[in-house]
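In: Sequence and predicted structure below; questions after.
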Amino acid sequence: MKKIAVILSGSGVFDGAEIHESVLALLAIEQAGASWHCFAPNISQHHVINHITGEEMPETRNVLVEAARIARGNIDDIVNLRAVDYDALLLPGGFGVAKNLSDFALAGANCQVNSEVKRVCQEFAREEKPAAYLCIAPTLIPTIYGEGARGTIGNDPDTANAFTKMGGEHVICPVDDYVLDQQRKILTTPAYMLAGSISEAASGINKLVKELVKLA
């Protein structure tokens, strides 16, 4: 059975991992005949957002502890993740990618990626193992893979321009499809960058995961 490592960035679209995308991806991995294991950095979230009001809350939460809610406790600190132990990698979206795994939400094209996240992603790249980035997660790709790496965040012009400015090659893509950088084995899909419902997000995620497992 092929093993897929999944990196989560907390729990909740506005300050962590996008929960629908995460669960859809885990389900699709199992339905494709593979297994998954989740990882997250053991760090404090950038901030905590009230998902009813959208306002910041005066408290601190831990990315790994929050991500464990999605994984039902089946999760490890990312420092323990080694590409040699897995066949492929997947990162769901959510603002946690741009606030906790990196500072893209604040720095845009000048962003820095968390050192452990960068280490892991580059290990999979060096091993030439396939990796999937959903929603806003493709903003990590140029930093991981360097100049010319292809990917999509859908069609948002500001995010696409930042992706290009960082050295990536952005490809416009509908919600029900994915982009494959065949040379680098990178798969991307817009998910909730475009999706207006769970089923719309699932349409692209399911296709992407099937191809990810096939390439693994």
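Out: Now that the structure is in, tell me what you want to look at.
In: First-to-last residue distance for stretch 52-72?
Out: Length of stretch 52-72, first residue to last, CA to CA, to the nearest Å: 23 Å.
In: Show me how far it is from its chain's centre.
Out: Stretch 52-72 sits 17 Å away from the centroid of its parent chain (CA atoms, centre = their mean, to the nearest Å).
In: mind listing what's buried in it?
Out: Residues 61, 63-64, 66-71 are the ones in stretch 52-72 that count as buried (16 or more other CB atoms under 10 Å). Where you see a C-beta, it was placed from the backbone N, CA and C, and this is true even at glycine.
In: So what's the model's average confidence on that stretch?
Out: Averaged across stretch 52-72, pLDDT comes to 97.
In: residue contacts, the residue most central in space within the chain?
Out: Closest residue to the average C-alpha location of the chain: residue 91 at 2.6 Å, with CA atoms, centre = their mean. Residues in contact with residue 91 (CB atoms under 8 Å, 6 or more residues apart in numbering) are 6-7, 9, 97, 101, 121, 131-134, 137, 140.
In: The most far-flung residue of the chain relative to its centre and residue 49: what is the separation?
Out: Distance from the centre of the chain peaks at residue 58, with 26.5 Å (CA atoms, centre = their mean). Counting by CB to CB, to the nearest Å, the gap from residue 58 to residue 49 is 12 Å.
In: Residue 136 too?
Out: To residue 49, residue 136 is 15 Å away according to CB to CB.
In: Just grab the bridge partners of the residue nearest to the centre of the chain for me.
Out: residue 133 (DSSP bridges).
In: what's the single longest helix in this protein?
Out: Longest helix in the chain, counting residues (DSSP state H): helix 198-215.
In: as a whole number, average confidence for it?
Out: Taken as a whole, helix 198-215 has a mean pLDDT of 98.
In: got the buried residues for it?
Out: For helix 198-215, a neighbour-count test (16+ other CB under 10 Å) marks 200-213, 215 as buried.
In: Alpha carbons of it, as CSV, please.
Out: This file holds the C-alpha atoms of helix 198-215, laid out as CSV (Å, rounded to 0.1, in the frame of the first residue of the first chain):
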residue,chain,number,x,y,z
ILE,A,198,-17.8,21.1,-0.6
SER,A,199,-18.8,19.2,-3.8
GLU,A,200,-17.0,21.7,-6.0
ALA,A,201,-13.8,21.4,-3.9
ALA,A,202,-14.1,17.6,-4.0
SER,A,203,-14.3,17.6,-7.8
GLY,A,204,-10.7,18.8,-8.3
ILE,A,205,-9.2,17.2,-5.1
ASN,A,206,-10.5,13.7,-6.1
LYS,A,207,-8.9,13.9,-9.5
LEU,A,208,-5.7,15.3,-8.1
VAL,A,209,-5.4,12.6,-5.4
LYS,A,210,-6.0,9.8,-7.9
GLU,A,211,-3.2,11.1,-10.0
LEU,A,212,-0.9,11.6,-7.0
VAL,A,213,-1.4,8.0,-5.9
LYS,A,214,-0.9,6.8,-9.5
LEU,A,215,2.5,8.7,-9.7
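In: contacts for it?
Out: 2, 4, 20-21, 24-25, 28-29, 31-34, 88, 90, 130, 132, 134, 173-178, 180, 185, 187-192, 194-195.
In: Is residue 125 in contact with residue 131, as I believe?
Out: Yes: Residue 125 sits in contact with residue 131 when judged by CB atoms under 8 Å, with a separation of 7.2 Å.
In: With that, I have no additional questions.
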